[in-house]
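Student: Need the 3D shape of this:
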Amino acid sequence: TSGPRIQPRFFGGWELPKDLCSDPAMVSKAYAIGVPMGADLPGKSSSSPSFLVSAAADAGSADFPGMPLQQLQVIKGWYDDNGDHQQRVITVAGDANNGATVNLDTCAPQGEGFAQLCSVWQDPEFDAEQRAGYYLRAVENPSCRYSAWQCLELPESERPADCDSAQVPKLIQERAWSSPIWYTPS
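Tutor: As a prediction, this is how the structure comes out:
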């Protein structure tokens, strides 16, 4: 992760049920019929594999509450016919435009997010003859960067010029990544 204790889970398989997220035995079934993140998904079908993507937000503590999740993304990478690396980012759960933001005068988060997200996604552009790698990225709602917090802790007269510089980002979206699942044609 980039810092918070987000808990991602990522599985790939040929027969993952679409309703797997609502199954109380989701994880054990995913292990039984699929492969976990970090594994190779060997080719055995010309149909598209499906992926279970799931993440729980960092709960945080009473003094430092966690930030809700905004979205789950699957990142697919492959090499095209010219040998050039290609990549596609697909939002598969949550909402990238959920309206969540931050009050920069106080660093207070505003807007809704998710404590958990889960989905079963199937690659609509799957090519059974092409090697590919897939990984999960869980993205939190925006929050203040550490430097924005530091600026707010200083009296205005003591703040360095960077505190008001448009060149210094004030927001960040923390995230977690899974290990990839590699698809190899049979």
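Student: When you work out contacts or count neighbours from here on, use the C-alpha atoms and nothing else.
Tutor: OK.
Student: part of a strand, is Cys163?
Tutor: No: counting by DSSP: H, G, I helix; E, B strand; the rest coil, Cys163 is not part of a strand but helix.
Student: Pull the number of nearby residues for it.
Tutor: 19 (other CA atoms under 10 Å).
Student: The one 10 residues further on too?
Tutor: Burial of Gln173 is recorded as 16 neighbouring residues (other CA under 10 Å).
Student: do Trp149 as well
Tutor: Around Trp149 there are 16 residues (other CA under 10 Å).
Student: hmm, who's touching stretch 114-133?
Tutor: 16-21, 43, 45-57, 68-72, 76-79, 92-94, 180-185 (CA atoms under 8 Å, 6 or more residues apart in numbering).
Student: hmm, 7 Å instead?
Tutor: For stretch 114-133, the surrounding residues in contact (CA atoms under 7 Å, 6 or more residues apart in numbering) are 18, 21, 46, 48-57, 68-70, 76-78, 92-94, 180-185.
Student: can you tell me the distance between the two ends of that stretch?
Tutor: Length of stretch 114-133, first residue to last, CA to CA, to the nearest Å: 27 Å.
Student: what comes up buried for that stretch?
Tutor: 114-122, 128, 131-133 (16 or more other CA atoms under 10 Å).
Student: what do you get for stretch 138-155?
Tutor: Ala138, Val139, Glu140, Asn141, Pro142, Ser143, Cys144, Arg145, Ala148, Trp149, Cys151.
Student: Run through the bridge partners of the third one.
Tutor: Put plainly, it is Glu140. Leu69 (DSSP bridges).
Student: so it touches Pro68, yeah?
Tutor: Yes: with contact defined as CA atoms under 7 Å, Glu140 counts as touching Pro68 (5.8 Å).
Student: Give the residue spans of the protein that score low on pLDDT.
Tutor: Applying pLDDT under 70 to the chain flags the ranges 45.
Student: does the residue positioned nearest the centre of it belong to a helix or a strand, and which?
Tutor: In the chain, the centroid-proximal residue (CA atoms, centre = their mean) is Ala138; its distance is 1.8 Å. Element membership for Ala138, per DSSP states H and E: strand 132-140.
Student: After that strand, which helix or strand is next?
Tutor: strand 143-144.
Student: Can you report phi and psi for Trp78?
Tutor: The phi/psi pair for Trp78 (degrees, to the nearest 10) reads phi -160, psi 170.
Student: Surely it is in contact with Tyr134?
Tutor: No: counting by CA under 7 Å, Trp78 does not reach Tyr134; the two are 9.0 Å apart.
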